[in-house]
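> Have a look at this fold, sequence not included:
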């Protein structure tokens, strides 16, 4: 998404994106429209006896999850997608994957019922924002104006109350 944004295929991307230091050179970010202050990731493996500590961890490249693993100094390999990280787990390139908790739930309920949660880890986040192509200040200003209006009208809080319970997807 960020490559396509930078190459002009999109003007903006809105897909549960958070601003991170590694993403700042690639895009400008709106004020957060959803901000819990924390993100929640799931460590998972194909068997319950594996520990994420000391393991080679697979993660989707360019995500807040990859940034967090780098911050903590854990050994990891980054893959183009969550599906690729899971394929690396299956082929034993990695011993553990680190995924968004919502993606873990989706994967477990669809194609990966053999996944076993090893634990959850919270880490700080800058919130969920809209990523805008670098330098597109008119678009960014308009998005921030709309978000401020939605916030002041209570629309964002109403949507969060409908779709989230205590910060977790329903």
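Cool, got the structure. Predicted model only: the values in this text are computed from it and were never measured.
> Show me what the top helix by length along the chain is packed up against.
Ranked by residue count and defined by DSSP state H, the top helix of the chain is helix 137-153. On a contact count with 3 or more Cβ pairs under 8 Å, 6 or more residues apart in numbering; DSSP states H and E, helix 137-153 meets strand 128-133, helix 155-163. All C-beta atoms are positioned from the backbone trio N, CA, C, and that covers glycine.
> Not including adjacent chain positions, what is the nearest residue to residue 12?
Take residue 12 and drop its neighbours on the chain: the residue closest to it by Cβ to Cβ, 6 or more residues apart in numbering is residue 132, 4.8 Å away.
> Could you do residue 14 as well?
residue 130 (4.8 Å).
> which regions of this protein sit below the pLDDT cut-off?
Filtered on pLDDT under 70, the chain yields the residue ranges 164-170.
> tell me the residue furthest from the middle of it?
The centre of the chain is farthest from one residue, residue 153, which by Cα atoms, centre = their mean lies 27.2 Å away.
> I'd like to know how far that one sits from residue 33.
13 Å (Cβ to Cβ, to the nearest Å).
> residue boundaries of the helices in this protein?
2-6, 64-72, 82-90, 101-109, 137-153, 155-163.
> Return the set of buried residues in the fifth one.
For helix 137-153, the neighbour count (16 or more other Cβ atoms under 10 Å) marks 139-140, 143-144, 147 as buried.
> Residues touching it, excluding its own?
11-12, 28, 30-31, 33, 130, 132-133, 156-157 (Cβ atoms under 8 Å, 6 or more residues apart in numbering).
> Report the angle between it and strand 128-133.
On the basis of axes from the mean of the first three to the mean of the last three Cα atoms, to 10 degrees, helix 137-153 is oriented at 160 degrees to strand 128-133.
> Next, the angle helix 155-163 makes with helix 137-153.
Using the same axes, to 10 degrees: helix 137-153 against helix 155-163 is 70 degrees.
> gap between helix 137-153 and the chain center?
Its chain's C-alpha centre and that of helix 137-153 lie 22 Å apart, by Cα atoms, centre = their mean, to the nearest Å.
> Check the third one too.
For helix 82-90, the distance from its own C-alpha centre to the chain's C-alpha centre is 16 Å (Cα atoms, centre = their mean).
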